[in-house]
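S.K.: Model the following, please.
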Amino acid sequence: MCGIVGYTHKNWAPPPQRIHEATETLIHRGPDQQGIFQSSLFSVGAARLKIIDLKGGDQPIFSDDGDAGIAFNGEIYNYQEIREELEELGHQFQSHSDTETVLHAFLQWDKDCFTKLRGMFAVALWKKSSRRLILARDRMGIKPLYIMRQGEDLFFGSELKCIFIHPEIDRRLSLSGLDCYLSLNYVPCPWTLVEGIEKLPPGYWLEWCDGEVTSDAYWTLPFTHPENYTLESAKEELDELLKENRRGL
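M.R.: Numbers count the residues shown, from 1 in each chain. A predicted model of the protein is given here:
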């Protein structure tokens, strides 16, 4: 299942053990390996359930120069295809994990890399030199990712408890989230039941750059005119898409 957690600390100084405590809240999601990264600006943790590359791929994973890193939750079905493309462009890999492939894809194409990924994921990428943190979520929102802004700083995690670990953050009921729950029997994105905490929408990235936050969709559901399809052509296209996904698995 895996999980990720982290926060920026541009304008506050968290205790050094805080990221360890936050990562431990996700041990049920990633019992096989837990790792952290801390700098003067970011703290990030990952809890890993090993599926691909059992002996390698421990997280976080860093670029060769140590400037960029990744914490990843999910699975990329077409990572081998992307890896081959990156190798042709000169990239060299230290493991066989899909996580390292996503890191190199980011180094090559920056945020445009998300349009190439076929799978389910919540990911945190950072570059120390440019003071950037990028979060992204898969197209269908299969993997959860909660976010909260407090001043110029950003908190995120795979579960609400990752953010609740911070005693500086108030736990206040969101009346908008409660209204959604009572009306729909669930809380749609971007709301949660906690005031100030949101879910990153499916198919979106969010970038924190030295205190400034921007966000946009890298994918939206395409709508085509029904008259372009016949029943037979729709069946054929569905069959091809299912075969493509099976090849990815």
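S.K.: Does Cys149 touch Ser215 like I think?
M.R.: Let me fix one detail, which is that residue 149 is Arg and not Cys. No. Using CB atoms under 8 Å, Arg149 is not in contact with Ser215, being 10.8 Å away. All C-beta atoms are positioned from the backbone trio N, CA, C, and that covers glycine.
S.K.: For stretch 91-110, buried residues please.
M.R.: Neighbour-count burial for stretch 91-110 flags 91, 96-108 (criterion: 16 or more other CB atoms under 10 Å).
S.K.: how about the residues you listed in CSV, adding secondary structure?
M.R.: Below are those laid out as CSV (DSSP: H, G, I helix; E, B strand; the rest coil):
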residue, secondary structure
His91, coil
His96, coil
Ser97, coil
Asp98, helix
Thr99, helix
Glu100, helix
Thr101, helix
Val102, helix
Leu103, helix
His104, helix
Ala105, helix
Phe106, helix
Leu107, helix
Gln108, helix
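S.K.: Gly90: what secondary structure?
M.R.: Recorded secondary structure, Gly90: coil (three-state DSSP).
S.K.: re earlier: nearest to Arg131, of the buried residues of stretch 91-110?
M.R.: Nearest to Arg131 among the buried residues of stretch 91-110: Phe106, at 15.7 Å, using CB to CB.
S.K.: Contact partners for the closest one?
M.R.: Contacts for Phe106 (CB atoms under 8 Å, 6 or more residues apart in numbering) come out as 68, 70, 113, 125, 134.
S.K.: burial count for the closest residue to Leu206 other than its chain neighbours?
M.R.: Using CB to CB, 6 or more residues apart in numbering and skipping the chain neighbours, the partner closest in space to Leu206 is Ser215 (4.2 Å). Around Ser215 sit 15 other residues, with neighbours defined as other CB atoms under 10 Å.
S.K.: Now for the residue lying closest to Asp98 once chain neighbours are set aside: which residues touch it?
M.R.: Closest residue in space to Asp98, ignoring its immediate chain neighbours: Tyr79 at 3.8 Å, by CB to CB, 6+ apart. Contact analysis of Tyr79 by CB under 8 Å, 6+ apart lists 98, 101-102, 119.
S.K.: Also Met140?
M.R.: Going by CB under 8 Å, 6+ apart, Met140 touches 120, 202-203.
S.K.: what helix or strand does it sit in?
M.R.: For Met140, there is no host helix or strand (DSSP states H and E).
S.K.: and the lowest-mean-pLDDT helix or strand in the chain, what does it pack onto?
M.R.: Least confident helix or strand, the chain: helix 231-248 with a mean of 79, by mean pLDDT, DSSP states H and E. Of the remaining helices and strands, none touches helix 231-248 by 3 or more CB pairs under 8 Å, 6 or more residues apart in numbering; DSSP states H and E.
S.K.: which outside residues touch that helix?
M.R.: Residues outside helix 231-248 that contact it (CB under 8 Å, 6+ apart) are 77-78, 118-119, 229.
S.K.: JSON lines please, covering the residues you listed and showing distance to Ser174.
M.R.: Converted to JSON lines, those look like this (distance: CB to CB, whole Å):
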{"residue": "Tyr77", "distance to Ser174": "35"}
{"residue": "Asn78", "distance to Ser174": "37"}
{"residue": "Arg118", "distance to Ser174": "33"}
{"residue": "Gly119", "distance to Ser174": "30"}
{"residue": "Tyr229", "distance to Ser174": "41"}
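S.K.: Understood, closing this out.
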